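In: Mind folding the following:
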Amino acid sequence: MALLPTIDHELLRTFVAIIDQGGFTRAAQTVNRTQSAVSMQMKRLEEDVIQRPLFVRQSKPLQLTSEGHTLLGYARKILSLQGEALTLLRQPDMVGRVRLGVPDDYVMRFLPGILKTFSQAWPLVDVDVHCAPSSVLSQQPQGSLDLIIMTREIGDEIGTILRREATVWVSAESHCTHLQTPVPLALFEAPCFCRRHACNALDRADRAYRIAYSSPSLATLQAVVGAGLAVSAWMRSLVTADMQILGEKEGFPELPESSIVLLRTASTQSPIIDSLAEHIVEGFRL
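Out: The predicted structure is shown next:
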């Protein structure tokens, strides 16, 4: 009985990279090969191994044949299993669970990229993500979380400073909510210091306002602001494309900067926690 040919995992890695990167050129950069080398790899995969076309020729954007779609699913599984096996055998201490506390402010903006690269590096590590406001996270019982990302006032930082950012006034770009008197505000629940800074700044500027909406959730505040119901204040990096930043010419005074910090609990140290902390530090640099 003839033996079936094996598939070189490097061919599969390049194949997956072509799909994920949307073409041969960008995939070549990902796998550190020339574009011609990538083309030769795919020719070998199609002609010598699979013996079926995997790509629809002359298609833009790049499209897979039915055989290509089938192979893609298996390729991802094979590469994932290979990564798990190597992790388990080479670094058995990188298997386990890490508990991360983070405000929902940063979940959509920063966490997807951080968790993706961490999972690719350590596929056998599970991450429990606990979302809560910074004021709640700072009061968590000792040892209940391994790592905590939180917002702190300048000069009141603890742990590792991930970044410092301006706090800005925002409103829906297609509405004129900021022209109302008193101006309706949508702010984080007390005791959030951003709420305190916003109110104090408007008081000093003698600008009339009312707190029309209050929530611990950034997603809720974004929905309210996006609907043109209120003005809010949050970090510049969290401003979405459908919103405008308001400044002094619109009657909104400058707000203090804030710090995003990473805090480790003193009682829990492990290579898993160290690695996730490194990925978080790198992720907030982007």
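
In: where exactly do the helices run in the stretch 51-200 of the chain?
Out: If you assign secondary structure with DSSP state H, counting those that start in this stretch, the helices in the stretch 51-200 of the chain sit at 66-90, 111-121, 134-137, 193-204.

In: Among those, show the one with the smallest mean pLDDT.
Out: When the helices of the stretch 51-200 of the chain are compared by mean pLDDT, helix 66-90 comes last with a mean of 82.

In: Which other helices and strands does it contact?
Out: Using 3 or more Cβ pairs under 8 Å, 6 or more residues apart in numbering; DSSP states H and E as the contact criterion, the elements in contact with helix 66-90 are helix 9-21. For every residue, glycine as well, the C-beta is placed using N, CA and C.

In: Check the offset of the helix it packs on from the chain's centre.
Out: Computed by Cα atoms, centre = their mean, to the nearest Å, the separation of helix 9-21 from the middle of its chain amounts to 23 Å.

In: What of stretch 223-233?
Out: What separates the centre of stretch 223-233 from the centre of its chain is 23 Å, taken as Cα atoms, centre = their mean.

In: what's that stretch in contact with?
Out: Taking contacts as Cβ atoms under 8 Å, 6 or more residues apart in numbering, the residues outside stretch 223-233 that touch it are 167-172, 174-175, 177-178, 183-187, 194, 197-198, 212-213, 215, 221, 240, 242-243, 246, 252, 255.

In: Have a look at this protein and report the helix or strand with the lowest mean pLDDT.
Out: Scoring the helices and strands of the chain by mean pLDDT, DSSP states H and E places helix 66-90 at the bottom, with a mean of 82.

In: between that helix and helix 9-21, how big is the angle?
Out: Angle, helix 66-90 to helix 9-21, by axes from the mean of the first three to the mean of the last three Cα atoms, to 10 degrees: 120 degrees.

In: And helix 66-90, how far out from the chain middle?
Out: 24 Å.

In: what's in contact with stretch 89-108?
Out: Outside stretch 89-108, the residues within contact range by Cβ under 8 Å, 6+ apart are 87-88, 111, 122, 124-134, 137, 140, 144-151, 217-219, 234-235, 238, 260, 270-273, 275-276.

In: Separate out the buried members of those.
Out: 87, 111, 122, 124-125, 127, 131-134, 137, 140, 145-151, 218, 234-235, 238, 260, 272-273, 275-276 (16 or more other Cβ atoms under 10 Å).

In: and the angle from the biggest strand by length in the chain to helix 193-204?
Out: Longest strand in the chain, counting residues (DSSP state E): strand 160-172. Between the axis of strand 160-172 and that of helix 193-204 there is an angle of 50 degrees, by the same axes, to 10 degrees.

In: wait, what's in contact with Ser171?
Out: Thr177, His178, Val225, Gly228, Ala230, Val231, Ser232, Met243, Gln244, Leu246.

In: actually Thr167, sorry about that
Out: Listed by Cβ under 8 Å, 6+ apart, the contact set of Thr167 reads Cys194, His197, Ala233, Trp234, Met235, Arg236, Leu255, Pro256, Glu257, Ser258.

In: could you redo the last one with a cut-off of 6 Å?
Out: Neighbour list for Thr167: Cys194, Ala233, Met235, Leu255, Ser258 [criterion: Cβ atoms under 6 Å, 6 or more residues apart in numbering].

In: do Ala17 as well
Out: By Cβ under 6 Å, 6+ apart, the contact set of Ala17 is Ala27, Thr30, Val31.

In: got a markdown table for these, with neighbour count, secondary structure and distance to Lys116 too?
Out: A markdown table is the format used below for the contacts of Ala17 (neighbours: other Cβ atoms under 10 Å; DSSP: H, G, I helix; E, B strand; the rest coil; distance: Cβ to Cβ, whole Å):
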| residue | neighbour count | secondary structure | distance to Lys116 |
| --- | --- | --- | --- |
| Ala27 | 24 | helix | 17 |
| Thr30 | 15 | helix | 14 |
| Val31 | 17 | coil | 18 |
